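Below is the sequence, then the predicted model.
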Amino acid sequence: MSDQAAVPVTGDTIAKLARGVRLREDPVRGQTVLLAPERALALDEIAVMIVNALDGERSLDAIAAEFAEKFEAPKDQVLADVIGFVDEFSKRRMLELKP
């Protein structure tokens, strides 16, 4: 198994949920959570949108371009935020990356 932290996250990176990780609604807390073996993370609305966009096919650059257009925000800033999110969650082994 490769070390996910060793893979640099860039605009060309393609990501998807790691095996065994699922996005689920928690009706008790009224939140969306990312479930992985022996852990769960509550996600805010933006994080849920990012996770849903990580389809294992589109690059982070393409995802950021879509979000920038949708929210009328600077693409460079959106890309930096998406890269930061993906980098952090890949280090937690919640995401699989393709450089």
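Structure's in. What do you need?

shaky segments in the chain?
Along the chain, the parts satisfying pLDDT under 70 run over 1-6.

just the strands in the chain please.
According to DSSP state E, the chain carries its strands in the segments 14-17, 22-26, 31-36, 39-43, 55-59, 95-98.

Determine which stretch of these is the most buried.
strand 14-17 (a mean of 21; mean count of other Cβ atoms under 10 Å). No exception for glycine: its C-beta is placed from N, CA and C like everyone else's.

follow-up on the earlier one: output the strands of the chain as JSON lines; include the columns distance to Phe71.
Below are the strands of the chain laid out as JSON lines (distance: least, Cβ to Cβ, whole Å):
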{"stretch": "strand 14-17", "distance to Phe71": "20"}
{"stretch": "strand 22-26", "distance to Phe71": "21"}
{"stretch": "strand 31-36", "distance to Phe71": "19"}
{"stretch": "strand 39-43", "distance to Phe71": "18"}
{"stretch": "strand 55-59", "distance to Phe71": "17"}
{"stretch": "strand 95-98", "distance to Phe71": "22"}
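
Val7 is nearest to which of the ones you listed?
Closest to Val7 of those is strand 95-98 (Cβ to Cβ; 4.8 Å).

Using PDB, write out the CA atom coordinates for the closest one.
The C-alpha trace of strand 95-98 is given here as PDB (Å, rounded to 0.1, in the frame of the first residue of the first chain):
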ATOM      1  CA  LEU A  95      -9.300   9.600   0.400                       C
ATOM      2  CA  GLU A  96      -7.400   7.800  -2.300                       C
ATOM      3  CA  LEU A  97      -5.300   9.900  -4.600                       C
ATOM      4  CA  LYS A  98      -4.100   9.600  -8.100                       C
END
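
burial of Leu60, as a residue count?
Leu60 has 25 neighbours, counted by other Cβ atoms under 10 Å.

Could you measure from it over to Ala73?
Using Cβ to Cβ, to the nearest Å, one gets 15 Å for the distance from Leu60 to Ala73.

swap in Asp26?
In terms of Cβ to Cβ, Asp26 sits 29 Å off from Ala73.

One more: Glu66?
In terms of Cβ to Cβ, Glu66 sits 11 Å off from Ala73.
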